[in-house]
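Asker: One predicted model, sequence on top.
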Amino acid sequence: MPPSVVISPKGEQRARAGHPWIYRTDVVDARAEGGEIVQVLGSRHRTVGYALFSDRSQIAIRMLTHGETPADAPLLRARIEHAIGFRDRLALDVSAFRLVNGEADLLPSLVVDRYGDYLVVQTLSQGMDRLLPEITNMLAETAAPAGILARNDPKVRALEGLDQTVEVLHGAVPESVVVREGPIEYDVDVRRGQKTGLFLDQRENKEAAARYARGRLLDCFSYHGGFALRLAGQCQHVEAIDVSADAVAHIRANAKRNNLHLEAREANVFDELRRLERAGEHYDTIVLDPPAFAKNKASLSNARAGYKEINLRAMRLLSPGGFLVTCSCSYHVSEAMFAEMLHEASVDSRTPVSLVEKRMQGRDHPVLVGVPETHYLKCFILRRVE
Ligand code: SAH
């Protein structure tokens, strides 16, 4: 008997609506080991499709196919090829970008980022992790990288009962990789940097911000200088803030590498915005790109208060006609909730702002329609009207 899982009518309905995740509560019977590809059965034992099965996570099933289509090696290979083909067609002016974006490329829980000649892979479920050797071979053949690194240290792997590992799977991967994003070069530590090294999802928002940025710029939550470096060429004075000393060292090193002048400070943005307000400072351009304040639904109300606090203070610091580029990367904070929070911040700070652009993560990180979890990044560009 091939491994199989029977799901409830509710789970079946969800799968038919195109959502790849079926929760444990909708699993009626499982005859499979964690990590196996299973046949998913619905009412009257009809085949709903084939999926990755986890015996640990709340997300018990990640659908790979619907109906009788088997989830085999040729299918995985074709999906990887399509994902790569799509990025080729985007013709991005960069040497670092996302090659495979999990669910949105119908390869749930698989992330592949390209950094120059190297690939960085993450397998974030038991099933995808078990397929890692096969996927590594497919990537080596289809993308011809000089090296492939498994950056399998995200915390979500613990929910799957998977260990935290960082290892070279193919070829060789150097300690640091120099990549280019438009006009800016970065030195990336793919083993230790956040995510897989850089926040590749913000590339197009930086480009958008470059349409407005000018004068005095304050880049809050700067990490390795992403927004500050991209906008520095067109601003008179640039300040970048991050709470991490290591991040600040990277901002300075990246500024030097690109021959750009900026001031990088180690500080807590919450304190710093208050201090700048007391000091009567004003900026023409402010960027807010905090980490995900809402890691789960329970922390949503605190998270919302945090977002409101920094946005309200940033609005007060803006000079009339100035621009605020404000982001949230929590998928629990919907676009509508984010807009409502910004409205409140505008009312409470008595700052009339207009919405100039409503954006999301870059096109190499597409959203799977019907799966709100894949629309995590919101980026609004606001203008202080007077
Ligand atoms: N804007 C960056 C990515 C930001 S990631 C880019 O485009 O590349 C979020 C950053 O916020 C991390 O570097 C983290 O160190 C920093 N951070 C988290 N909490 C902070 C706080 N309270 N004050 C300042 N920085 C903070």
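Answerer: Happy to help now that I have it.

Asker: neighbours around the residue in the chain positioned nearest to the ligand, how many?
Answerer: Nearest to the ligand in the chain, going by CB to the nearest ligand atom, is residue 226, at a distance of 2.6 Å. For the C-beta atoms, the positions are set from N, CA and C on the backbone; glycine is no exception. Look at residue 226: counted by other CB atoms under 10 Å, it has 27 neighbours.

Asker: count of neighbours near residue 203?
Answerer: Neighbours of residue 203 under the rule other CB under 10 Å: 26.

Asker: Correct me if wrong: it contacts residue 94.
Answerer: Yes. Look at residue 203 against residue 94 with CB atoms under 8 Å: they come within range, at 6.5 Å.

Asker: overlap in contacts of the two?
Answerer: 181, 182 (CB atoms under 8 Å, 6 or more residues apart in numbering).

Asker: buried stuff in stretch 90-101?
Answerer: Across stretch 90-101, burial judged by 16 or more other CB atoms under 10 Å covers 92, 94, 95, 96, 97, 98, 99, 100, 101.

Asker: Go through those and flag which are in strands.
Answerer: 96, 97, 98, 99, 100, 101 (DSSP state E).

Asker: Just give me the neighbour total for residue 185.
Answerer: Residues within reach of residue 185, counting by other CB under 10 Å, total 15.

Asker: Mind pulling up the pLDDT for it?
Answerer: Per-residue confidence (pLDDT) for residue 185: 98.

Asker: Torsion angles phi and psi at it?
Answerer: Dihedral pair for residue 185: phi -100, psi 140, per degrees, to the nearest 10.

Asker: for it, what are its contacts?
Answerer: Counting by CB under 8 Å, 6+ apart, residue 185 makes contact with 178, 179, 254, 257, 258.

Asker: What residues of stretch 77-94 count as buried?
Answerer: Applying a neighbour-count criterion of 16+ other CB under 10 Å, the buried positions in stretch 77-94 are 77, 79, 80, 83, 84, 86, 87, 92, 94.

Asker: among the residues you listed, which are in reach of the ligand?
Answerer: Taking CB under 6 Å from any ligand atom as the test, the ligand is in contact with none of these.

Asker: Among those, which ones are in strands?
Answerer: Going by DSSP E, the strands hold none of these.
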